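Asker: when you get a sec, could you give me coordinates for this:
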Amino acid sequence: MATKNIYHPESKEPFKLSRSKIDLFLECPRCFYLDMRLGISRPPGYPFTLNQAVDTLLKKEFDILRNEGKANALMEKYKIEAIPFKHPKIDEWRNNRKGIQYLHQPNNFLVYGAIDDLWINSKNELHIVDYKATSTTQEITLDAEYRQGYKRQAEVYQWLFRKNGFKVSDIAYFVYCNGKTDRDTFDGVLEFDIQIIDYKGNDSWIEPVLSNIKKCLESDNVPLANPECKYCKYRAANLK
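Answerer: Here you go, the predicted model:
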C-alpha cells in the first residue's frame, strides 16, 4: 500500500506536489491542509471508467499518427498546423505516478502532472492537449464554472514543460468527445461528435500560488473553511 504523501515542515526532502493538489488548494485551502498536513483526504469519487476508455482509445489513435509523423483528420478540419509530438518520454509524461516533473527550488516542491497528449507545430512549439468525454445537448464551451479547473490544468502543464526547457505555445487544445443520444437504437455502439476547443493559457499565477501553498503548509493553524466548499459544510454539519 502506498505511503500517504504528508508535508513535514522539518523535512529537507523535496515535497511532491501534484497538479491536482494545486487545484485543490485553490478550491479550498482547508481541505488541502487537512489532506497534505494531516492526512485527512476528501472521500474519493467514483471512477469515470467510460471516460478512461475514450482516453485510452484516443491515445492509441494519436500514437499511430505520432509514429507516422502525420496529422489527425480533426487537426486538419480545425486548421491546426501541427502533428503529434514524438518523444521517448511520452509514456512517462502520461503516467499518473510520474508525469512531467520540475523541482521548484524556492519552495522545495517537486511539481508534477500527467498529460494526455502533446502536439508540435511548424515553429517547434508544443501544444498541451487534453482529452475530455461528455454527453450533452448543450454547446460545449470552457465557460462553465467547473471547467475553470481545466484551464488551470493546461496552464500548469505549460509551465512544467517550459521549466523543462521546451518551447511551449500559449495555445492549448481540448479534444472533446460528446456521446450521441439521438440514435433510435444502441446496438452496442456508442457514437461521438468530436470537436477541438482552443484555449490561450497564462501561467503567471502558478509561482505566486506555490508560495502561498508553502505558507499554508508551514503553518500550524488549519485554514478557515471555505463557505462554498461542500466538503467543509459536510464536516461542519457532522460536528454539530
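Asker: run through who's touching the helix or strand of the chain with the lowest mean pLDDT.
Answerer: Least confident helix or strand of the chain, by mean pLDDT, DSSP states H and E, is helix 230-238 with a mean of 83. For helix 230-238, contacts defined as Cβ atoms under 8 Å, 6 or more residues apart in numbering pick out 28, 30-31, 42-43, 225-226. Using the backbone N, CA and C atoms, a C-beta is placed for each residue, glycine as well.
Asker: if we go to 6 Å?
Answerer: 30-31, 42, 225-226 (Cβ atoms under 6 Å, 6 or more residues apart in numbering).
Asker: for these, point out the one with the lowest pLDDT.
Answerer: Lowest pLDDT within those is found at Ala225 (82).
Asker: mind listing what's buried along the least confident helix or strand of the chain?
Answerer: Neighbour counts using 16 or more other Cβ atoms under 10 Å place 231-232, 235 of helix 230-238 among the buried residues.
Asker: give me the beta-bridge partners of Gln195?
Answerer: Tyr176 (DSSP bridges).
Asker: that one against Asn178, yeah?
Answerer: No - taking contacts as Cβ atoms under 6 Å, Gln195 lies outside contact range of Asn178: 7.3 Å.
Asker: who has more neighbours, the two?
Answerer: Asn178 (18 against 15; other Cβ atoms under 10 Å).
Asker: the more buried one: what secondary structure?
Answerer: strand (DSSP: H, G, I helix; E, B strand; the rest coil).
Asker: please verify my assumption that it contacts Glu191.
Answerer: No - using Cβ under 6 Å, Asn178 is not in contact with Glu191; the gap is 9.8 Å.
Asker: helix or strand for the residue nearest the centre of the chain, which one?
Answerer: Taking Cα atoms, centre = their mean, the centroid of the chain lies closest to Gln153, which sits 4.0 Å from it. Using DSSP states H and E, Gln153 sits in helix 148-163.
Asker: give the rounded mean pLDDT of that helix.
Answerer: On average, helix 148-163 scores 95.
Asker: other residues contacting that helix?
Answerer: 19, 23, 100, 102, 113, 115, 126, 128, 168, 172, 199, 201, 203, 206.
Asker: so which of those would you say is closest to Lys86?
Answerer: Set against Lys86, the nearest of those by Cβ to Cβ is Leu126 (11.7 Å).
Asker: and that closest one, how far from Asp117?
Answerer: Distance from Leu126 to Asp117, counting by Cβ to Cβ, to the nearest Å: 10 Å.
Asker: now Ser18
Answerer: Ser18 is 19 Å from Asp117, by Cβ to Cβ.
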